[in-house]
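Peer 1: Pasting the sequence and the predicted model now:
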Amino acid sequence: MHFWLYIIPFLAALIGWTINSLMIRLLFHPLKPIQILGFSFSGIISGKREAIAKGLGKYVSEELFSFQVIEEKLTNPANIEKIMPLVEEQIDHFLRIKLGEQMPMISMFIGDKTIQQLKNIFMEELTTLFPNLINQYAKNLQSDLQLEQIISQKIMAIDLLETEKKIHQQFKKELSLFKLAGAFTGLIIGILQLLITLLLN
């Protein structure tokens, strides 16, 4: 009887643990492409970094941070109605105080009734004007901001070593279980191989 056969399950477990550990390592390493026998190798994330950055930039700018959704929220009549009391207060202050300070002669001929009429006219006009202004501002902002490009650049600037460190800290338990799963799978395969070998002998 070859007693070394009983080492097979433990050896298979070690191989399973090593393979899963290597898979985790290959997510980031090597950080820079290396040439082996004419082939270029790099980490899964580091090698696809530019494509990932562009993909995430596009996804975030179109799905998670949609200017259209923001525009709809801002121009929603209910939301505009919420700010109108503040606007009305400012117009009232302008007509009663500021206008009198800047044009004393005009303020002498404007009474409460006229102020109220002017205020109603302004409020009516602003209720119509606000949605158009917000729409135009959102379009200009979307054009000028280039959110997709900014997000892509930010992702490209991330320190991969620091990111790897944070992932290991955040998912320490899960990564350990993944390695143990590899060891357990290897152990089961090793035991089956041992049993088959013993049965055949």
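Peer 2: Received it, and whenever you're ready, just let me know what you need.
Peer 1: As CSV, could you dump the C-alpha coordinates of the helix or strand bottoming out on mean pLDDT in the chain?
Peer 2: Sorting the helices and strands of the chain by mean pLDDT, DSSP states H and E puts helix 104-108 at the bottom, at a mean of 71. The C-alpha trace of helix 104-108 is given here as CSV (Å, rounded to 0.1, in the frame of the first residue of the first chain):
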residue,chain,number,x,y,z
PRO,A,104,-38.3,107.6,-4.3
MET,A,105,-40.5,109.6,-6.7
ILE,A,106,-42.1,106.5,-8.2
SER,A,107,-42.7,104.9,-4.8
MET,A,108,-44.7,108.0,-3.8
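Peer 1: Low-confidence ranges, the protein, go.
Peer 2: In the predicted model, the chain carries pLDDT under 70 at residues 1-2, 65-67, 107, 142-145, 201.
Peer 1: what's the closest non-adjacent residue to the residue positioned nearest the centre of the chain?
Peer 2: Centrality entry for the chain: nearest residue to the mean C-alpha point is Val60, 5.8 Å, by CA atoms, centre = their mean. Once flanking residues are discounted, Val60 sits nearest to Ile151: 5.2 Å by CB to CB, 6 or more residues apart in numbering. C-beta: built from backbone N, CA, C; applies to glycine.
Peer 1: Enumerate every residue touching that neighbour.
Peer 2: If you count contacts by CB atoms under 8 Å, 6 or more residues apart in numbering, Ile151 has them with Ala53, Leu56, Gly57, Val60, Ser61.
Peer 1: change it to 10 Å
Peer 2: Applying CB atoms under 10 Å, 6 or more residues apart in numbering, one finds that Ile151 lies in contact with Ala53, Lys54, Leu56, Gly57, Lys58, Tyr59, Val60, Ser61, Leu64, Phe65.
Peer 1: Going by secondary structure, it is in what exactly?
Peer 2: Assigned by DSSP states H and E, Ile151 belongs to helix 147-156.
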